[in-house]
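Trainee: any chance you could fold what I've pasted below:
(one chain, ligands or ions: 2)
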Amino acid sequence: MFLPSFQLENKVAVVTGAGRGIGRALAIGLAEAGAQVALLARTEQDIINVAREINSIGAKAYPIVTDVTNRDEVNQSIAKIIETTGTIDILINNAGMNIRSQALDVTDVEWHKIMDTNLKSAFIMSQEVGTFMKKHGTGGKIINISSVAGHVALRTGVVYAATKAAMIQMTKVLALEWGQYGINVNSIGPWYFKTPLTEKLLQDEKYVDDILAVTPLKRIGELEELVGPTVFLASAAGNYITGQTLFVDGGMTIQGF
Ligand SMILES: NC(=O)C1=CN([C@@H]2O[C@H](COP(=O)(O)OP(=O)(O)OC[C@H]3O[C@@H](n4cnc5c(N)ncnc54)[C@H](OP(=O)(O)O)[C@@H]3O)[C@@H](O)[C@H]2O)C=CC1
Ligand SMILES: C[C@H](O)[C@@H]1OC(=O)[C@H](O)[C@@H]1O
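Mentor: Ligands and ions are numbered 1, 2, ... in the order given. Here you go, the predicted model:
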């Protein structure tokens, strides 16, 4: 037998930013692969709605209102997940936001908002879940949702780009430190996908033309095309992959001239 399992039966996954967009899609996809899924976000109704979608396919979901930039709330939510399920096997650091300012216009408030939401949250979630995984001794999978913006220069803001580049480097160092505990740490780097974060931009035909001009596959990605690579990295099929960033980008990051 050479084909490993892509199934996540009996696994417990935690998804941050699971109430909308990519996080919602990843949470449902992980549940479809067999996982129980804890859904973390600040808007209770959003995560309740996603939990209902997951329950409707016969899977278990745990909506837990959490501001993942707040260490105390993170600790309380992780303790609640472990108390309820007994374990955490998979962490998806997806929560993120952007304020698309030119560098000279960025305020301190904007800096801290983007840094805390995109980078600090991923780090404190990884610290708290990594502590459990190390102590529990059964390893685990941590997947950070970075962006092509962390690898090539986009016009969507320098602070956001810095957080996404930092996520890629954080992925490598955590993979180095935690490999000995059987914890795989990887990143996914999406190009544009239609979500509430990008919806207005993707309604602008000229903007979409600009996107497609630098996208070899000449189309915007579908959310299920992010779910597949994420489930792959979260499953046994990804057991010997760590410290890597998988760009799910229609070829955008290889486009030269
Ligand atoms: N859409 C795209 O084209 C791309 C997106 N990405 C990345 O993918 C990730 C998801 O993006 P996308 O789905 O588009 O974004 P959305 O704005 O659609 O969703 C963001 C999610 O994160 C949650 N969130 C935001 N702040 C916090 C917080 N402090 N605590 C807990 N949850 C929080 C939101 O819920 P709530 O407000 O209720 O807390 C929401 O559920 C982000 O990291 C983004 O950078 C990367 C490349 C491209
Ligand atoms: C592709 C980027 O991650 C994405 O594009 C946007 O406009 C968002 O603000 C993000 O930067």
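
Trainee: name the helices or strands packed onto the helix or strand where residue 38 lies?
Mentor: Secondary structure assigned from DSSP states H and E places residue 38 in strand 36-41. Helices and strands touching strand 36-41, by 3 or more C-beta pairs under 8 Å, 6 or more residues apart in numbering; DSSP states H and E, are strand 12-16, helix 21-32, helix 44-56, strand 61-65, helix 71-85. For glycine as for every other residue, the C-beta is placed from the backbone atoms N, C-alpha and C.

Trainee: take those and lay them out in CSV including distance to residue 91, mean pLDDT and mean neighbour count.
Mentor: Below are the helices and strands packed on strand 36-41 laid out as CSV (distance: least, C-beta to C-beta, whole Å; pLDDT from 0 to 100; neighbours: other C-beta atoms under 10 Å):
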stretch, distance to residue 91, mean pLDDT, mean neighbour count
strand 12-16, 5, 99, 29
helix 21-32, 11, 98, 25
helix 44-56, 16, 98, 17
strand 61-65, 14, 99, 21
helix 71-85, 9, 98, 16
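
Trainee: residue numbers of the stretch 51-200 of the chain in contact with ligand 2?
Mentor: Contact residues, the stretch 51-200 of the chain versus ligand 2 (C-beta under 6 Å from any ligand atom): 98, 100, 147-149, 156, 160, 191-192, 197-198.

Trainee: can you flag the buried ones in those?
Mentor: 98, 147-149, 156, 160, 191-192, 197-198 (16 or more other C-beta atoms under 10 Å).

Trainee: go through the helices and strands packed on strand 36-41 and name the closest to residue 212.
Mentor: The closest of the helices and strands packed on strand 36-41 to residue 212 is helix 21-32. By C-beta to C-beta, the value is 20.0 Å.

Trainee: does ligand 2 sit close to that closest one?
Mentor: No: contact of helix 21-32 with ligand 2 (C-beta under 6 Å from any ligand atom) is absent, the minimum separation being 10.1 Å.

Trainee: now do the residue nearest the centre of the chain, the pLDDT please.
Mentor: When C-alpha atoms, centre = their mean is applied to the chain, the residue found nearest the centroid is residue 94 (2.8 Å). Residue 94 carries a pLDDT value of 99.
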